[in-house]
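[1] Predicted model and sequence below, questions to follow.
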Amino acid sequence: MRIAVPNKGRLHEPTLSLLERAGLHVEETADRQLYADTVDEDVTVLFARAADIPEYVRDGAADLGVTGLDQAAESGGVVDAPGEAADGDLVDLLDLGYGSCKLVLAAPEDGGVLTVEDLADRTVATEFPNVTRDYLDRVGVDADVVTVTGATELTPHVDMADAIVDITSTGTTLKVNRLAVIDDVLDSSVRLFANPDVVGGPKVEQVLTAFESVLAADGRRYLMMNAPKKRLDAVKDVIPGLGGPTVMDVEADENGNGMVAVHAVVDERDVFETISELRSVGATGILVTEIERLVE
Ligand SMILES: Nc1ncnc2c1ncn2[C@@H]1O[C@H](COP(=O)(O)OP(=O)(O)OP(=O)(O)O)[C@@H](O)[C@H]1O
Ligand SMILES: O=P(O)(O)OC[C@H]1O[C@H](OP(=O)(O)OP(=O)(O)O)[C@H](O)[C@@H]1O
Ligand SMILES: [Mg+2]
């Protein structure tokens, strides 16, 4: 099975680190720029441009692809389940949570374009012509779309366009270029995309489960502690555990009181508060550890 991942740019490193955390360690080889084996002999990684990855998956050159929803939407149809897929659609299997950005319509702060309606018979420059045309159709505005391959923010200042559709996340680039957001066009983040023909296959499901287990572990901590058996109910009340904590009998303390070891998964935001509450109900030897993966 082949997974296409970004070969460079801002999505490259986080995607490799996700593969690593998912247990799909990518082997170092001479050809690593193009493709690489993983610890799983059935899984190969292809390194491609973020914008080309949807095409690799649609074509079947890769079974799975990791890239931004913006890129997939630009290249064709995207559906949530294989049953909904028309010819050439990709299945959006999982939101991987990084690369969050928006495609927005923006125009010069001091210009004459204040609403999308003002764009009628004017020009929009973008790296995303298909998404932009779909958007203009949706809002019923007839404007020309000019395709550029970068530095889109420049075009309104050199009279190439009256507005742009471009990626924004912090808003800094738009601000520096004195452009104001007029409308949101598409919310994007990095997704795991699949060719509809491979969804449900055992290897794809295995990769999906591994990625899901990394996401499930994010923001969670594993707590371990000892507690007097007679305080167990109080300890359980404190821990908002995943399906309740795991409880094991351990040796009695020096006074012969029954003791238990309690393990639980908790939200990292609750750890600080939970520890003091656990101590106050008699827990001792409290350990907090990170979780690499969590298969629910
Ligand atoms: N500022 C941003 N914040 C968050 N995500 C972003 C941002 N810019 C881009 N992205 C996401 O990353 C994807 C790839 O962008 P990136 O800049 O890494 O690639 P690129 O510009 O196509 O790379 P290159 O041209 O170097 O191949 C975008 O399609 C989008 O999903
Ligand atoms: O809202 P902001 O946080 O300013 O981010 C938006 C900018 O980020 C991306 O460019 P990138 O940094 O990837 O450079 P690139 O044009 O070389 O792709 C995008 O094309 C915008 O220009
Ligand atoms: Mg970029």
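    Structure received. Ligands and ions are numbered 1, 2, ... in the order given.
[2] For the chain, which segments count as helices?
    12-21, 53-59, 69-75, 129-139, 172-176, 202-217, 232-238, 271-280 (DSSP state H).
[3] Show me which residues of the protein are close to ligand 1?
    Within reach of ligand 1 by C-beta under 6 Å from any ligand atom, the chain has these residues: 8-11, 49-51, 68, 70-71, 99-101, 167, 169, 188. No exception for glycine: its C-beta is placed from N, CA and C like everyone else's.
[4] rewinding a little: now tabulate the helices of the chain in CSV and tack on distance to M259, mean pLDDT and mean neighbour count.
    Shown next, in CSV, are these (distance: least, C-beta to C-beta, whole Å; pLDDT from 0 to 100; neighbours: other C-beta atoms under 10 Å):
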stretch, distance to M259, mean pLDDT, mean neighbour count
helix 12-21, 35, 96, 17
helix 53-59, 54, 98, 22
helix 69-75, 51, 98, 23
helix 129-139, 60, 98, 17
helix 172-176, 55, 97, 13
helix 202-217, 28, 97, 18
helix 232-238, 10, 93, 17
helix 271-280, 14, 96, 14
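[5] can you list those in TSV and add distance to L34?
    Converted to TSV, the helices of the chain look like this (distance: least, C-beta to C-beta, whole Å):
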stretch	distance to L34
helix 12-21	14
helix 53-59	12
helix 69-75	19
helix 129-139	27
helix 172-176	31
helix 202-217	20
helix 232-238	52
helix 271-280	43
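[6] most surrounded residue in the residues of the chain next to ligand 1?
    Tallying neighbours with other C-beta atoms under 10 Å puts G68 at the head of these, with 28 neighbours.
[7] thinking again about what came up before, do you know which of the helices of the chain lies nearest ligand 2?
    helix 172-176 (3.3 Å; C-beta to the nearest ligand atom).
[8] ok so, going back, which one of the helices of the chain lies nearest to E41?
    helix 202-217 (11.1 Å; C-beta to C-beta).
[9] Also compute the angle for the closest one relative to helix 12-21, please.
    Helix 202-217 runs at 100 degrees relative to helix 12-21, counting by axes from the mean of the first three to the mean of the last three C-alpha atoms, to 10 degrees.
[10] How far away from the center of its chain is helix 202-217?
    Taking the mean of its C-alpha atoms, helix 202-217 sits 13 Å from the chain's own mean (C-alpha atoms, centre = their mean, to the nearest Å).
[11] other SSEs contacting it?
    helix 12-21, strand 90-95, strand 190-194 (3 or more C-beta pairs under 8 Å, 6 or more residues apart in numbering; DSSP states H and E).
[12] Nearest to F272, out of these?
    That would be helix 12-21 among those, by C-beta to C-beta, at 24.5 Å.
[13] Which elements pack onto that closest one?
    Checked by 3+ C-beta pairs under 8 Å, 6+ apart, helix 12-21 has strand 2-6, helix 202-217 packed alongside it.
[14] how does the chain divide up, domain by domain?
    The chain breaks down by automatic domain parsing into domains covering 2-99+189-217, 101-187, 220-290.
[15] what sits against the nearest residue to R269 once chain neighbours are set aside?
    Nearest non-adjacent residue to R269, counting by C-beta to C-beta, 6 or more residues apart in numbering: G219, 7.5 Å away. Contacts here follow C-beta atoms under 8 Å, 6 or more residues apart in numbering; on that basis G219 touches D267, E268, R269.
[16] on that earlier part again, turn the helices and strands packed on helix 202-217 into CSV, columns for distance to ligand 2.
    Output for the helices and strands packed on helix 202-217, formatted as CSV (distance: least, C-beta to the nearest ligand atom, whole Å):
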stretch, distance to ligand 2
helix 12-21, 12
strand 90-95, 20
strand 190-194, 13
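[17] nearest to E296, of the domains of the chain?
    domain 2-99+189-217 (5.6 Å).
[18] Quick one: residues contacting the spatially closest residue to V181 that is not a sequence neighbour.
    Once flanking residues are discounted, V181 sits nearest to V104: 4.8 Å by C-beta to C-beta, 6+ apart. Residues near V104 by C-beta under 8 Å, 6+ apart: V165, D166, T168, L174, V181, I182, D183, D184, V185.
[19] And G201, by the same measure?
    Contacts of G201 (C-beta under 8 Å, 6+ apart): M1, D63.
[20] Give the phi and psi angles for it, as a check.
    The phi/psi pair for G201 (degrees, to the nearest 10) reads phi -70, psi 150.
[21] Return the distance of it relative to A210.
    14 Å (C-beta to C-beta, to the nearest Å).
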